[in-house]
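1. 3D, please:
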Amino acid sequence: MKPVRHALASVFTALALGVVVSCATPPAQQNFPELSYRHLPPINLAVGAFDIENRYVPPLKDPNVEHRAPVPPYNAARQWGIDRIKALGGPDRARLQILDASIVEVPLAVTGGVRGMFTRDQAARYDGKIEMTLEILDPNGRRRAFVTGRANRSETVAEGAPIAERERVWLTMTEEMMRQLNQEMTQNVERYFANYMARP
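-> Sure thing, here's the model as predicted:
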């Protein structure tokens, strides 16, 4: 009987260790696409230099969550400037200022009591905002022209939504805001920067 008991004990030990290992295994990390704007036509400006200034400082704490997003909005806005704005030469310089690039979590009321046990409410709303200004500065640093773009988007998630689902929501919000912002900035540049456009 002892060999049998020993064998059973070994099996149970192995099963227990397997449960512990499986519980300790971290969830698979998601691979999110990078946001790029190189497929869009460049905005060619008759300036000698172009720089990007991120004036938005993320709080890095609740209720702000943009720093936890797969692609933080301020990174997406900066990438837009890198990919689209081209300095082709001239006495002036261009500067892109990122003024806001936030995603804020707003808790929503959920059903309580027994009824709440059978109800899956929307538990949180995420409010996103990106705002930036593109300006032309003369050699003395005086502003000669500028355009501003703003984009907003809100999405909700259900209670108990895993972090992977929330990350997808934040990424989608950033993509949609940048799509809106790109359209607005392009239209404003074409309208107000006619004297500062350059041909390649």
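2. show me where the chain has strands.
-> Applying DSSP state E to the chain gives strands spanning 43-45, 49-54, 85-87, 93-107, 122-137, 143-158.
3. for the longest helix along the chain, which positions count as buried?
-> Longest helix of the chain, by residue count under DSSP state H: helix 163-192. Neighbour-count burial for helix 163-192, counted by 16 or more other Cβ atoms under 10 Å, picks out 166-171, 173-174, 177-178, 180-182, 185-186, 189. For the C-beta atoms, the positions are set from N, CA and C on the backbone; glycine is no exception.
4. let me see the contact set for the nearest residue to Glu66 once chain neighbours are set aside.
-> Leaving aside its sequence neighbours, Glu66 sits nearest to Ile103 (Cβ to Cβ, 6 or more residues apart in numbering; 4.2 Å). Applying Cβ atoms under 8 Å, 6 or more residues apart in numbering to Ile103 gives the contacts 64-66, 69, 73, 126-128, 170, 173-174.
5. off-centre distance for the longest helix of the chain?
-> Centre-to-centre, helix 163-192 and its host chain are 9 Å apart (Cα atoms, centre = their mean, to the nearest Å).
6. if you count contacts, what does that helix end up packed against?
-> Helix 163-192 sits against helix 73-84, strand 93-107, strand 122-137, strand 143-158, with contacts defined as 3 or more Cβ pairs under 8 Å, 6 or more residues apart in numbering; DSSP states H and E.
7. low-confidence regions, the protein specifically.
-> Confidence mapping of the chain against pLDDT under 70 gives the ranges 1-30, 111-120.
8. coming back round to it: what is the nearest of the buried residues of helix 163-192 to Asp92?
-> Val189 (14.5 Å; Cβ to Cβ).
9. contact partners for Leu108?
-> The contact partners of Leu108, taken as Cβ under 8 Å, 6+ apart, are 121-125, 156.
10. as TSV, those with neighbour count and distance to Leu96 would be great.
-> Shown next, in TSV, are those (neighbours: other Cβ atoms under 10 Å; distance: Cβ to Cβ, whole Å):
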residue	neighbour count	distance to Leu96
Asp121	15	40
Gln122	14	35
Ala123	16	36
Ala124	20	31
Arg125	14	29
Thr156	14	31
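11. many thanks, I have nothing further to ask.
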